[in-house]
Each structure stands twice: as structure tokens, then as C-alpha cells.
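>>> next comes the sequence, and after it the predicted model I'd like to discuss.
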Amino acid sequence: MSEFSFDSLNAMYMDVFREIGNVGAGNATTAVATMLNLKVDMHVPRVELLNIADFGNAICPEEEVIVGILLELEGDVTGSMMFLMKLDSAHYLVNALMGGYGGSGDGESFNEMETSALKEIGNIIAGSYLSAIAQMTNLKIVASVPFLCVDMAASILSVPAIQFGQFGDNALLIQTEFGDDQMIDGYFILLPEEDSYEVILKSLGIPLDM
């Protein structure tokens, strides 16, 4: 088996992962619109190949507190995935889901009900991405119960930095923007284990020796 490396990612690979990002974002937007009973618009997702050290600055200043939702992956694709939101986006979605009764305003803390709502939102959005990948590849992908973290961006993004560091210096960041009166910025990072990117690409008929 030839070894996949993001450091040698070519245009064809980028097109594949950009399409996965597009379909996943469309699925997530539809799911959020249904969940919140809103008409939600989506901008074309931005897919970037970045140095791992630049992930924090691509989202926000490293000292800014953000919301991270992490899920472990099992099945044909193993590893984990992460969905990130800024605090204002997280509070907006929580209040919309709770019918305007989210009680923490725009601060850095979430009460028990808001935390539960955030996990549900993250589970639906992440599940939509995974569903898109599964449908495109005919692979079985099972996600764990979501783990929620509210912390500085540098701390949360240390997870993909450590995990991707063993494969190369670069990784993919997919930014999705959706909403109605207020647009939500969401950032999606897929963190497969070593062989799983190769499994995804091979399932789509993409050669790895180009």
C-alpha cells in the first residue's frame, strides 16, 4: 500500500476533498434548517490545505475561546472528527434550538441544558458530514457520542496538531458558512488514522501513486 501524505497532496486530491466538503456542508445545512425550522442559506465551503501551525490563526486568534465538538470514528474509517464554532455562533444556535430560552447570553459558559443542546447540534452537523462521506464512498462510518470542549483555540487545536503531526506538516480545514439573519461560521476537521484517507480515496477510484 502506498503511503498517503498531505505534504504531497495534488490538485485531484484537493478536488475530491473539496467535493466531500461541499456535499457534507449541504447535508449539514439541510439538517440545521430542519432542526430549527428555518430557511437557511449556505455559502460555498472553503477548503484549504494549511500548515498545522497555522490552524489557529485561520479560525481566530489562538487565545480566543471557541467551542469544539469531537467525535471518535469507527468502521471502515477510523480516527476522529472535529467541528469548531465561535462563541457567538454557538450561542445563536443554542438559543434558536431552545426557542430563545438559552440563558447564558454570549459569555464563555454554557449551562447543562445549553451544553446538551450544543452536543445535539454538533452531533447533527457532524453526522451530516459523515453521512455525505459514507454515501459517496459506500463505506461504513460510525461516530461516538460527541465530546464538547469550550476552551482557547490553541488548546482545542492542539488535538489535530498532535494527531496530524505524525503524517506531515499540512492538513485540510473545511470552513462552512450558513444561516438566515445571522451567518454561522463552522470549521470541520477530519482526523482519520493513518490508513483511512487511503481507504476513502481508493473507494472513490482515486489512484494514490500520482
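Noted; the coordinates are in hand. Residues are numbered from 1 along each chain as shown.
>>> how far away is the residue lying closest to Lys39 once chain neighbours are set aside from Asn37?
Using C-beta to C-beta, 6 or more residues apart in numbering and skipping residues adjacent in sequence, the residue nearest Lys39 is Asp180, 6.0 Å away. In this view, the C-beta of every residue, glycine as well, is placed from N, C-alpha and C. As judged by C-beta to C-beta, to the nearest Å, Asp180 and Asn37 stand 11 Å apart.
>>> what helix or strand does Gln175 sit in?
When secondary structure is defined by DSSP states H and E, Gln175 falls within strand 170-179.
>>> let me know how buried Met136 is, in neighbour terms.
Around Met136 sit 16 other residues, with neighbours defined as other C-beta atoms under 10 Å.
>>> in this protein, where is pLDDT below threshold?
Counting by pLDDT under 70, the ranges of the chain that qualify are 1-13, 38, 40, 42, 52, 56, 100-107, 160-171, 194, 207-210.
>>> just to revisit the earlier point, what about the residue nearest to Lys39, how many neighbours?
By other C-beta under 10 Å, the residues close to Asp180 number 14.
>>> what of Val47?
20.
>>> who's in contact with it?
By C-beta atoms under 8 Å, 6 or more residues apart in numbering, the contact list for Val47 reads Met14, Phe17, Arg18, Gly21, Leu172, Leu173, Ile174, Gln175.
>>> contacting residues around Pro45?
Contact analysis of Pro45 by C-beta under 8 Å, 6+ apart lists Arg18, Gly21, Asn22, Gly24, Ala25, Ile174, Gln175, Thr176, Glu177.
>>> and those, which two are furthest apart?
When the contacts of Pro45 are compared pair by pair using C-beta to C-beta, the two farthest from each other are Arg18 and Glu177, 15.1 Å apart.
>>> now do the helices in this structure.
The residue ranges that make up the helices of the chain, judged by DSSP state H, are 11-36, 55-59, 87-97, 112-137, 153-156, 158-165, 196-203.
>>> what comes up buried for the last one?
This means helix 196-203. Judged by neighbour count using 16 or more other C-beta atoms under 10 Å, the buried positions of helix 196-203 are Ser196, Tyr197, Glu198, Val199, Ile200, Leu201.
>>> report all helices and strands that that helix contacts.
Helix 196-203 makes packing contacts with helix 112-137 when contacts are defined by 3 or more C-beta pairs under 8 Å, 6 or more residues apart in numbering; DSSP states H and E.
>>> run through the neighbouring helices and strands of the helix it packs on.
Using 3+ C-beta pairs under 8 Å, 6+ apart, the elements in contact with helix 112-137 are helix 11-36, strand 65-75, strand 79-86, helix 87-97, strand 141-143, strand 147-152, strand 183-192, helix 196-203.
>>> what residues are bridge-paired with the closest residue in space to Ser89 that isn't next to it in sequence?
Using C-beta to C-beta, 6+ apart and skipping residues adjacent in sequence, the residue nearest Ser89 is Ile184, 4.4 Å away. With beta bridges defined as DSSP bridges, Ile184 has these partners: Phe178.
>>> ok, Ile184 to Asn95 distance?
For Ile184, the distance to Asn95 (C-beta to C-beta) stands at 12 Å.
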